[in-house]
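Chemist: 3D model of this:
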Amino acid sequence: ARAAMADDGPANPVRSLVSRVLRRSLGLPPLPAAPPAPPPAPLDRVAAALGRARRVIVMAGAGLSTAAGIPDFRSPGTGLYSQLDKYGLPEPEAIFDLDYFRRRPEPFHLLAREMWPGGRYKPTAAHAFVRLLERRGEGGGGGVRGGGGGGAKGHAGHVRGRAEPGIHGSP
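Modeler: Sure thing, here's the model as predicted:
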């Protein structure tokens, strides 16, 4: 409570003046100055390091996309796997099985259309950041290569030197 009443200095001059006048008139000593605010996060240093880097690895989990409303895979009742009954799959994981896709691609295409950015789900700032890194890698040099936390294949990978979309999450 004492720190909250400390002299705020130039940030709040009216409060500072009222506090000093009241404390003086009541015969109380001045409050100690509030501790200085911590320095801002060194984002400029991070940005500079990214600018110098030849390669950047982005490791992210489901939280990158769940923030956009995209369901994770396994949460009971809300996860993607619990929402696939409408596709008539033998098991939920079949939606991402290449052999199953070759026999019956329609379920995957329907799901991809539903989840494609710009439709029901909007990319987050984190998605935009990963895309920016990926674009930086087009034409050679750095950029994003596949990889991700929790077994995810990553949002982008390089195939024959081209940036290609990766699998979103892991089955």
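
Chemist: What are the boundaries of the strands in this protein?
Modeler: 156-159, 162-165 (DSSP state E).

Chemist: With respect to those, which exhibits the lowest mean confidence?
Modeler: Of all these, strand 156-159 carries the lowest average pLDDT, namely a mean of 36.

Chemist: and the gap between E114 and E134?
Modeler: Per CB to CB, to the nearest Å, E114 is found 23 Å from E134. To be clear about C-beta, it is placed using only N, CA and C from the backbone, and glycine gets the same treatment.

Chemist: So between those two, which is more surrounded?
Modeler: Between E114 and E134, counted using other CB atoms under 10 Å, E134 has the larger neighbour count: 24 against 11.

Chemist: quick one, helices of the chain?
Modeler: 13-25, 43-52, 63-66, 98-103, 106-115, 125-137 (DSSP state H).

Chemist: Pick the most buried one from those.
Modeler: Highest mean neighbour count of these: helix 63-66, a mean of 18 (counted as mean count of other CB atoms under 10 Å).

Chemist: how far is it from where the chain is centred?
Modeler: Taking CA atoms, centre = their mean, to the nearest Å, one finds helix 63-66 lying 6 Å from the centre of the chain it belongs to.

Chemist: Against which helices or strands is that helix packed?
Modeler: helix 125-137 (3 or more CB pairs under 8 Å, 6 or more residues apart in numbering; DSSP states H and E).

Chemist: and the helix it packs on, average pLDDT?
Modeler: Rounded mean pLDDT across helix 125-137 is 87.

Chemist: chain center to it: distance?
Modeler: For helix 125-137, the distance to the chain centre is 11 Å (CA atoms, centre = their mean).

Chemist: could you give the angle of it to helix 43-52?
Modeler: 30 degrees (axes from the mean of the first three to the mean of the last three CA atoms, to 10 degrees).

Chemist: what number of residues lie near R74?
Modeler: 15.

Chemist: got it, and P36?
Modeler: So P36, with other CB under 10 Å, has 6 neighbours.

Chemist: Please apply the same query to A62.
Modeler: 22.

Chemist: For it, give me the pLDDT.
Modeler: 86.

Chemist: Now do it against T124, distance only.
Modeler: 12 Å.

Chemist: what's the answer for F96, then?
Modeler: Distance of F96 to T124, given as CB to CB: 22 Å.

Chemist: Same question for R136.
Modeler: R136 is 19 Å from T124, by CB to CB.

Chemist: swap in E106?
Modeler: According to CB to CB, E106 and T124 sit 29 Å apart.
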